[in-house]
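Chemist: here is the input, now give the coordinates:
(2 chains)
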There are 2 protein chains.
Amino acid sequence: MTALVDRHTVPSPASALVCRNCGAEFPLGAQHACSECWGPLEIGYDAAALARVTHDEIAAGPHSLWRYAGLLPVGQNPATRVDSNTGMTPLIRADRLADELGFTAPLYVKDDSANPTHSFKDRVVSVAITAARELGFSRIACASTGNLANSVAAHAARIGMPSIVFIPADLESAKITQTAIYGGTLVGIEGSYDDVNRLCSELAETDEFENTGFVNVNIRPYYAEGSKTLGYEVAEQLGWRLPGQYVAPMASGSMLTKINKAFKELVAAGLVPASDWRIYGAQSAGCAPIATAFAAGDDVVQPVRPTGIAKSLNIGNPADGPYALDAVRASGGSMAAVDDDEIREGIRLLARTTGVFAETAGGVTVAVLKKLVESGAIDTSIETVVYNTGDGLKTVDAVSEGAHPTAVIKPTIKGMREAGLL
Amino acid sequence: MTALVDRHTVPSPASALVCRNCGAEFPLGAQHACSECWGPLEIGYDAAALARVTHDEIAAGPHSLWRYAGLLPVGQNPATRVDSNTGMTPLIRADRLADELGFTAPLYVKDDSANPTHSFKDRVVSVAITAARELGFSRIACASTGNLANSVAAHAARIGMPSIVFIPADLESAKITQTAIYGGTLVGIEGSYDDVNRLCSELAETDEFENTGFVNVNIRPYYAEGSKTLGYEVAEQLGWRLPGQYVAPMASGSMLTKINKAFKELVAAGLVPASDWRIYGAQSAGCAPIATAFAAGDDVVQPVRPTGIAKSLNIGNPADGPYALDAVRASGGSMAAVDDDEIREGIRLLARTTGVFAETAGGVTVAVLKKLVESGAIDTSIETVVYNTGDGLKTVDAVSEGAHPTAVIKPTIKGMREAGLL
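Modeler: Below you'll find the predicted structure:
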């Protein structure tokens, strides 16, 4: 048991903003695009600082993603971090799902519907709103397909920071209610998510929004790092080792790549033994620009106009698409897309075999897993983790047709007999 | 089907089924009514066994309610317990809510929407389905106002046990979908919850249901003990001491009394210092039989026909009503009821001050807290815990009216200006 560090006195392990395109480095701050080549920036770390993090230090931390503060760009000081009890979601051993799909190796579901607003977005928002406070912003904002909206509004309400959330006006009604209820400003946009995102990029440059951290625009490099915790947690929950395969849904493509980044960091820091892993990306047929590029062997992702029920994945022009392609190809993994009927069946399959009710994005991931097994693209003899990123209560309408009582009867034994239940 | 199976680790601390009415004792088994006086049975414990439980033993347990296995009637053997990652839900310091209500002492929200099916019912079902397995039942069933239905169906799916769930046919659609999705048998009853409950009591006596554990009928004594963990967790999360006041919603009245039982056990076992606490019970005006009896100074609870939006609390003939009255009166606490508009305002108040989106039952509890403060019935200078027992996504319709975007605009700077947002 080595001595635990006092995080109050330990600086952030983040060292710079690094261009993912040309490698140029910039000082840490509220910047998201490279001023040399306009490529996207991400957080670079001091490898020596990461290597000083220990299992004991992590285990002694809170039962939330902030136990990994030593591997994140912000939130080292417990007094400034925003801890909404996000993270440390269950890693469920899904033996009954494994049996149905023919897996001989263990199959796990990492269930992020257990987060406070019931999607993985609580991870990125916890990190982003902490970054916003540390960077001196007094208002928080986002462009969202729904789950991010819920999470930003809830986190802002928790700490009493004003929020302004932008969504496509045609979102699922539950997601609109779940955002509006927290009392921030909610702006419906007559257009697609990509229209919403473009408007936010414009607004972030205005004087009126100078005080505002747009979590997925001007503070996106910090925000995106929150997804790394999906990787750290799986490794810790497996007893500090990595799974041989993982399957994750893709909207912008960021989350899938950040799990990969987390795994690499853990190996480099000596926190897990070196091992190989394959990455599998899931999209819905209604919005599959990355999976389409993968199948065609292209490096360029052609934007599409999204359709279909998996609205939280409906990003037609995915910012991290090329990086997701690179990560999946380099790992020897694959991608697939599934249609709306397959998505609904994926939701039902997961629910009846594991007791986990997933939103449409989770249905996409489970249905893609099934498709990958059927095509032989994924190895059923290798330990595999499937990421469920959101809760079924957010997209109830997608499966409410057909999810009726077996029978409706009078409250009598006779009623039971007439319905054939006795 | 009477004797419990052997457990090969620590024996259960449960010693008998004890009549809450006449005190008669019976061997542990699947029995819920006293054969002497027909009073309800509850679990009695060996006080010496409870006193052997230590803080260290609990801290070394899983991050779920099963860390308290030494204080529960079943589940001592990790191999037979059903662990759905229920419990250890956040105890949220609600400073902004405290400020709005004028609390000078700390105010906490115990947020059970963080459970796997997003209500406190996962606690009682985790214990009940474990008891069902230990007692040799091969099917699980329940009468439910919705949240219990969700939880029973999900737990059964997790372990592959057949389930049959009975609900009033007019439940919120999200709760029907969230139950049907898990694939068990779901029976809608043309009648009230009390009609559903009566039918289940009849069915539990039939030959066809001899293999079936009805969680809130024939194995109710085990089931009800799950609510004790709401008390244990608050004590542990406060650093092993008790709060001075707690506010809990009442449907059957069971949960409120079990938190009280848990606090008493912790004191008796030497796990917390002895202290006083006052208990406050919350009902909706549409179904307030217990609060009405309290206000009238009656010992007898007169059944009512439930109405109103807080459907998960709509039990018109509450089995534990008299025990809830006793517990609240003995503690020096109080009860109150709130109407549907106050419930909606309670949901909004909690959401905008804490980031927690509660179902209607949580709105009842927060609105009652507000009413108790206004009437002076609760002391704002004493540390207080408010129990939120379910998630707002389960009763979205209750607040969707009025929870719209602030504005709906075109995706342009001009659109922002025209809406007065820039």
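Chemist: what residues are up against residue A:152?
Modeler: Residue A:152 sits next to A:125, A:129, A:140, A:141, A:142, A:144, A:163, A:165, A:184, A:215 when contact means C-beta atoms under 8 Å, 6 or more residues apart in numbering or on different chains. Glycine gets a C-beta too; all of them are placed from N, C-alpha and C.
Chemist: next, count neighbours for the fifth one.
Modeler: Right, the one you point to is residue A:142. Per other C-beta atoms under 10 Å in any protein chain shown, the neighbour tally for residue A:142 reads 29.
Chemist: help me confirm that it comes into contact with residue A:166.
Modeler: Yes. Here residue A:142 reaches residue A:166: they are 6.9 Å apart, a contact under C-beta atoms under 8 Å.
Chemist: all helices of the stretch 201-350 of chain A, in order?
Modeler: A:220-225, A:228-237, A:254-268, A:289-296, A:321-331, A:340-354 (DSSP state H, counting those that start in this stretch).
Chemist: among the ones you listed, show me which one is buried the most.
Modeler: Most buried of the helices of the stretch 201-350 of chain A by mean neighbour count (mean count of other C-beta atoms under 10 Å in any protein chain shown) is helix A:220-225; its value is a mean of 27.
Chemist: now it: average pLDDT?
Modeler: Across helix A:220-225, the average pLDDT comes to 98.
Chemist: grab the CA positions of it and hand them over as PDB.
Modeler: This file holds the C-alpha atoms of helix A:220-225, laid out as PDB (Å, rounded to 0.1, in the frame of the first residue of the first chain):
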ATOM      1  CA  ARG A 220     -15.000  20.000 -26.300                       C
ATOM      2  CA  PRO A 221     -11.400  18.800 -25.600                       C
ATOM      3  CA  TYR A 222     -12.200  18.500 -21.900                       C
ATOM      4  CA  TYR A 223     -15.800  17.200 -22.400                       C
ATOM      5  CA  ALA A 224     -14.700  14.400 -24.600                       C
ATOM      6  CA  GLU A 225     -12.200  13.100 -22.000                       C
END
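Chemist: returning to what we had before: any residues in contact with both of residue A:142 and residue A:166?
Modeler: A:149, A:200.
Chemist: can you list the residues of the stretch 101-250 of chain A near chain B?
Modeler: Counting by C-beta under 8 Å from any C-beta of the partner chain, the stretch 101-250 of chain A comes close to chain B at A:111, A:114, A:116-118, A:153-158, A:160, A:164, A:167, A:169, A:173-174, A:176-178, A:180-183, A:185-191, A:195-196, A:198-199, A:202-203, A:206, A:208.
Chemist: now which of the residues you listed would you call buried?
Modeler: Buried by 16 or more other C-beta atoms under 10 Å in any protein chain shown: A:111, A:114, A:116-118, A:153-158, A:164, A:167, A:169, A:174, A:176-178, A:180-183, A:185-189, A:191, A:195-196, A:198-199, A:203, out of these.
Chemist: which of the residues you listed fall in helices?
Modeler: When DSSP state H is applied, those are split such that A:153-158, A:174, A:176-178, A:180, A:195-196, A:198-199, A:203 fall in helices.
Chemist: any idea which of those is closest to residue B:60?
Modeler: residue A:158 (30.8 Å; C-beta to C-beta).
Chemist: contacts only, for that closest one.
Modeler: Applying C-beta under 8 Å, 6+ apart to residue A:158 gives the contacts A:82, A:84, B:354, B:355.
Chemist: what are the ranges of the strands in chain A?
Modeler: Assigned by DSSP state E, the strands in chain A fall at A:14-19, A:25-26, A:41-45, A:91-93, A:107-111, A:139-143, A:163-168, A:185-189, A:212-214, A:245-249, A:278-284, A:334-338, A:384-388, A:407-409.
Chemist: I'd assumed residue A:69 was in contact with residue A:13.
Modeler: No. The criterion here is C-beta under 8 Å, and residue A:13 misses it with residue A:69 at 9.2 Å.
Chemist: for residue A:359, which residues are in contact?
Modeler: So residue A:359 contacts A:113, A:119, A:147, A:312, A:347, A:389-395, A:398 (C-beta under 8 Å, 6+ apart).
Chemist: distance of it from residue A:207?
Modeler: 38 Å (C-beta to C-beta, to the nearest Å).
Chemist: model confidence at the spatially most central residue of chain A, what's the number?
Modeler: Ranked by distance to the mean C-alpha position of chain A (C-alpha atoms, centre = their mean), the top residue is residue A:120 at 4.4 Å. pLDDT recorded at residue A:120 is 98.
Chemist: surely it touches residue A:362?
Modeler: No. At 10.2 Å, residue A:120 does not count as touching residue A:362 under the criterion of C-beta under 8 Å.
Chemist: which neighbours do these two share?
Modeler: Each of A:389, A:390 lies in contact with both residue A:120 and residue A:362 under the rule C-beta under 8 Å, 6+ apart.
Chemist: ok, now which ones touch residue A:212?
Modeler: Residue A:212 sits in contact with A:137, A:138, A:139, A:140, A:141, A:164, A:203, A:204, where contact means C-beta under 8 Å, 6+ apart.
Chemist: the same query, at a cut-off of 10 Å, please.
Modeler: By C-beta atoms under 10 Å, 6 or more residues apart in numbering or on different chains, residue A:212 lies in contact with A:132, A:137-141, A:162-164, A:200, A:203-204, A:206, A:218-219.
Chemist: try residue A:142
Modeler: Contacts of residue A:142 by C-beta under 10 Å, 6+ apart are A:121, A:124-125, A:128, A:148-149, A:151-153, A:156, A:163-167, A:196-197, A:200, A:213-217, A:219, A:223.
Chemist: likewise for residue A:27?
Modeler: A:15, A:16, A:17.
Chemist: again, but for residue A:242
Modeler: Counting by C-beta under 10 Å, 6+ apart, residue A:242 touches A:231, A:234-235, A:262-264, A:266-267, A:272-277, A:383, A:385.
Chemist: do residue A:287 as well
Modeler: With contact taken as C-beta under 10 Å, 6+ apart, residue A:287 is in contact with A:192-193, A:250-251, A:304-308, A:310-311, A:313-316, A:318, A:337, A:364.
Chemist: kindly write the PyMOL command that selects the buried subset of the residues you listed.
Modeler: Of the contacts of residue A:287, the buried ones go into a single PyMOL selection, burial set by 16+ other C-beta under 10 Å:
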select buried, chain A and resi 192+193+250+251+304+306+308+310+311+313+314+315+316+318+337+364
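Chemist: export the strands of chain A to TSV and tack on distance to residue B:326 and mean pLDDT?
Modeler: Putting these into TSV (distance: least, C-beta to C-beta, whole Å; pLDDT from 0 to 100) gives the following:
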stretch	distance to residue B:326	mean pLDDT
strand A:14-19	58	97
strand A:25-26	67	97
strand A:41-45	58	97
strand A:91-93	41	98
strand A:107-111	40	98
strand A:139-143	48	97
strand A:163-168	45	97
strand A:185-189	46	97
strand A:212-214	53	97
strand A:245-249	52	98
strand A:278-284	55	98
strand A:334-338	56	98
strand A:384-388	44	98
strand A:407-409	37	96
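Chemist: any chance of a markdown table for those strands, columns distance to residue B:287?
Modeler: Putting those into a markdown table (distance: least, C-beta to C-beta, whole Å) gives the following:
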| stretch | distance to residue B:287 |
| --- | --- |
| strand A:14-19 | 54 |
| strand A:25-26 | 61 |
| strand A:41-45 | 53 |
| strand A:91-93 | 36 |
| strand A:107-111 | 34 |
| strand A:139-143 | 39 |
| strand A:163-168 | 35 |
| strand A:185-189 | 33 |
| strand A:212-214 | 45 |
| strand A:245-249 | 41 |
| strand A:278-284 | 42 |
| strand A:334-338 | 44 |
| strand A:384-388 | 35 |
| strand A:407-409 | 23 |
